[in-house]
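Enquirer: coords below, sequence missing:
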């Protein structure tokens, strides 16, 4: 072997070693690396984000009101005349019975009874007027149920190492999704 061939061989070996070291360094993942845990984190390109939804039933209290008819009798003029006349007639009738001090007692009892009968007659006559109707608002609290569509998470398709993967997340990621990669030797 001559000198020129030896120099070419050394330069070629040195280039190969340098190239091997550079290509190995080029395989390091982008992100953080911890040799103790054999884990590292990388950002993977998000290809598609699909929202996942579900239908839920919501029940809320709601006040419901309507107008209810109320019937009543029209009241006329209420006079005291029937009571007074009843008292006078009752007193006169009671005065016909009893004697001495009993006469006064029967007169007083007749007056009270006559006034009471006169009041009852006047009340019946005053409530015989035409029937009237008014409307009163009545309200109740009812439980009203309706359906809503709610977000339940996201189906994320991403690319890592030339392959596509799917993950389910609570929040929508941006253009990249953070991955934790665990490196373990394959069992032999």
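Expert: Here it is on my side, so go on. Quick caveat, the model's predicted, so the values are computed rather than measured.
Enquirer: show me the chain divided up by domain.
Expert: Per the record, the chain has its domains at 28-58+145-188, 76-129, by automatic domain parsing.
Enquirer: give me the longest strand you can find in the chain.
Expert: The longest strand of the chain (DSSP state E) is strand 39-73.
Enquirer: tell me the average confidence for that strand?
Expert: Averaging pLDDT along strand 39-73 gives 90.
Enquirer: just checking, what packs against it?
Expert: strand 32-34, strand 131-160, strand 163-169, strand 176-182 (3 or more CB pairs under 8 Å, 6 or more residues apart in numbering; DSSP states H and E). Backbone N, C-alpha and C define where each C-beta goes, glycine included.
Enquirer: quick one: buried residues of it?
Expert: Neighbour counts over strand 39-73 (16 or more other CB atoms under 10 Å) mark 40, 42, 43, 44, 46, 49 as buried.
Enquirer: follow-up on the earlier one: among the helices and strands packed on strand 39-73, which comes closest to residue 80?
Expert: Residue 80 lies closest, by CB to CB, to one member of the helices and strands packed on strand 39-73: strand 131-160, at 24.7 Å.
Enquirer: partners of the closest one in the sheet?
Expert: Take DSSP bridges as the rule and strand 131-160 pairs in its sheet with strand 39-73 (antiparallel), strand 163-169 (antiparallel).
Enquirer: now the angle between strand 176-182 and that strand, please.
Expert: If you take axes from the mean of the first three to the mean of the last three CA atoms, to 10 degrees, strand 131-160 sits at 60 degrees to strand 176-182.
Enquirer: the lengthiest helix in the chain to strand 39-73, inter-axis angle?
Expert: The longest helix of the chain (DSSP state H) is helix 101-126. In terms of direction (the same axes, to 10 degrees), helix 101-126 departs from strand 39-73 by 120 degrees.
Enquirer: does anything pack onto helix 101-126? Which helices or strands?
Expert: Applying 3+ CB pairs under 8 Å, 6+ apart, one finds that helix 101-126 contacts helix 81-95.
Enquirer: pLDDT of the helix it packs on, averaged?
Expert: Here the average pLDDT along helix 81-95 is 69.
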